[in-house]
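Undergrad: Predicted model follows, preceded by the sequence.
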Amino acid sequence: MEDIRIRYYSKTGNTKKIAEYIANELNLKALSIDQNDYNSPCGLLFLGGAPYANIMSSKLREYANNLIKENVKAVALFTTSNWSRRTVRALKKILREKNILVYDEFLYVHMLAVNGAIEKTKLFVKNILEKYKG
Ligand SMILES: Cc1cc2nc3c(=O)[nH]c(=O)nc-3n(C[C@H](O)[C@H](O)[C@H](O)COP(=O)(O)O)c2cc1C
């Protein structure tokens, strides 16, 4: 499934772990947004991040700002945090303003529940793939 990409920003490893669960499910690799590969075309992008003092990292915001509709068919968002879903809301806003398709469904995992989130992640991936493949 080469047209699927998994990218994340993770300071302390929680979001990275979720990204890796997604990657395992798809037999792909999850990579940090440091790849700066927003310019290369992909079909479905799984994009994840977390809030730090209420805001996502500026690197993740920049990555989202650099994505263009022509290079990404659909985006599925995931986030980990102590309580906030703000990262997802903010990413949705940025991407939808560019007319990029972002699925309403997103994956939220509490920062202390990451280790037990494999099944939840599997279900999320299954749901998203169903939407993506139509
Ligand atoms: C400096 C710092 C600030 C944080 N601020 C928030 C916050 O405002 N809201 C929240 O829900 N969680 C907050 N958290 C919790 C993180 O979002 C949570 O641990 C998340 O899983 C971190 O993701 P990461 O391990 O992928 O970096 C904060 C964590 C840190 C270290």
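TA: Looks like it came in fine.
Undergrad: ranges for the helices of this structure?
TA: Secondary structure of the chain (DSSP state H): helices at 14-26, 58-66, 86-97, 118-133.
Undergrad: which of those sits most buried?
TA: Comparing the helices of the chain by mean neighbour count (mean count of other C-beta atoms under 10 Å), helix 14-26 comes out on top with a mean of 21. Just so you know, the C-beta spots here come from the backbone N, C-alpha and C atoms, and that holds for glycine as well.
Undergrad: quick one: residue 46 from the ligand, how far?
TA: To the ligand, residue 46 is 14 Å away according to C-beta to the nearest ligand atom, to the nearest Å.
Undergrad: That residue bridge partners, please.
TA: Counting by DSSP bridges, residue 46 is bridged to residue 6, residue 76.
Undergrad: Can you check what pLDDT the model gives the residue nearest to the spatial centre of the chain?
TA: Among the residues of the chain, residue 47 comes closest to the average C-alpha position under C-alpha atoms, centre = their mean, at 1.8 Å. With respect to pLDDT, residue 47 scores 98.
Undergrad: right, and it touches residue 79 too?
TA: No. Look at residue 47 against residue 79 with C-beta atoms under 8 Å: they stay out of range, at 9.6 Å.
Undergrad: Once you drop chain neighbours, what's closest to residue 42?
TA: Spatial nearest neighbour of residue 42, excluding adjacent residues (C-beta to C-beta, 6 or more residues apart in numbering): residue 5 at 4.4 Å.
Undergrad: Next one, pLDDT for the one you found please.
TA: At residue 5, pLDDT is 97.
Undergrad: Could you do the one 3 residues further on as well?
TA: According to the model's per-residue confidence, residue 8 sits at a pLDDT of 98.
Undergrad: Can you name the residues that contact it?
TA: 15-16, 18-19, 30-33, 47-49, 78 (C-beta atoms under 8 Å, 6 or more residues apart in numbering).
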